[in-house]
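In: Pasted the sequence and its predicted model underneath.
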Amino acid sequence: MLPFLNVWLHILAAVIWIGGMLFLSLIAVPVLRRIESPMVRRDLFRAMARRFRRLVWICIAVLVPTGIVNVLYYGNTAAGSSYMNVLHIKLGLVALLILMGLLHDFVIGPRAARAMSRDGPPPTGTDLLMVELAPWIGRFNLLLGIVILTLAAALTRSH
């Protein structure tokens, strides 16, 4: 029962994370584009993104330990096994996704928000670059998440 619960928690955290990125990209952003006021549009997106960001870091805190347990319980950890080959690729992409999330949440996002703020000093050229870069980082992270899900499915077939 415990291994099943662990897998369930791992899948739930992944669904929340990747599903949330899909929701923001495919539903929230297109709906927000219909709002005429750029300030209202920005404030609504910022509120959704902040709430989602907290949820993402909780999901990561669940995914890491449950992933370790899954590998120990279910994985074919023999050197050179197809399971280990796929796992190494998946873990590399997960590390990249977490790194990109950190970069987005703590560097690019705050600089972009400052550039779009009504208060404070005028934005620098770097701040404006961050405004342009932020949505592309989000799209890249979504693509990484989908690839990671595909590799997770491959892992279940490579015991």
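Out: Received it, and whenever you're ready, just let me know what you need. Residues are numbered from 1 along each chain as shown.
In: Residue 39 contacts residue 116, doesn't it?
Out: No: using C-beta atoms under 8 Å, residue 39 makes no contact with residue 116, being 9.1 Å away. Backbone N, C-alpha and C define where each C-beta goes, glycine included.
In: For these two, indicate the residue with more neighbours.
Out: residue 116 (18 against 10; other C-beta atoms under 10 Å).
In: just checking, next helix/strand downstream of the lowest-mean-pLDDT helix or strand in the chain?
Out: Lowest on mean pLDDT, DSSP states H and E among the helices and strands of the chain sits helix 109-116, with a mean of 84. Once helix 109-116 ends, the next helix or strand along the chain (criterion: DSSP states H and E) is helix 125-156.
In: Against which helices or strands is that following helix packed?
Out: Secondary-structure packing of helix 125-156 (3 or more C-beta pairs under 8 Å, 6 or more residues apart in numbering; DSSP states H and E): helix 2-23, helix 82-103, helix 109-116.
In: Averaged pLDDT, the longest helix seen in the chain. What do you get?
Out: Counting by DSSP state H, the longest helix found in the chain is helix 38-74. Taken as a whole, helix 38-74 has a mean pLDDT of 93.
In: same check, this time on stretch 152-159
Out: Computed over stretch 152-159, the mean pLDDT rounds to 83.
In: Just the CA trace of that stretch, in PDB.
Out: Extracted in PDB, the C-alpha atoms of stretch 152-159 (Å, rounded to 0.1, in the frame of the first residue of the first chain):
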ATOM      1  CA  ALA A 152       8.300   9.000 -17.000                       C
ATOM      2  CA  ALA A 153       5.900   6.900 -19.100                       C
ATOM      3  CA  ALA A 154       9.000   5.300 -20.800                       C
ATOM      4  CA  LEU A 155      10.400   4.500 -17.300                       C
ATOM      5  CA  THR A 156       7.300   2.500 -16.400                       C
ATOM      6  CA  ARG A 157       8.000   0.300 -19.500                       C
ATOM      7  CA  SER A 158      11.700  -0.200 -19.000                       C
ATOM      8  CA  HIS A 159      11.800  -2.200 -15.800                       C
END
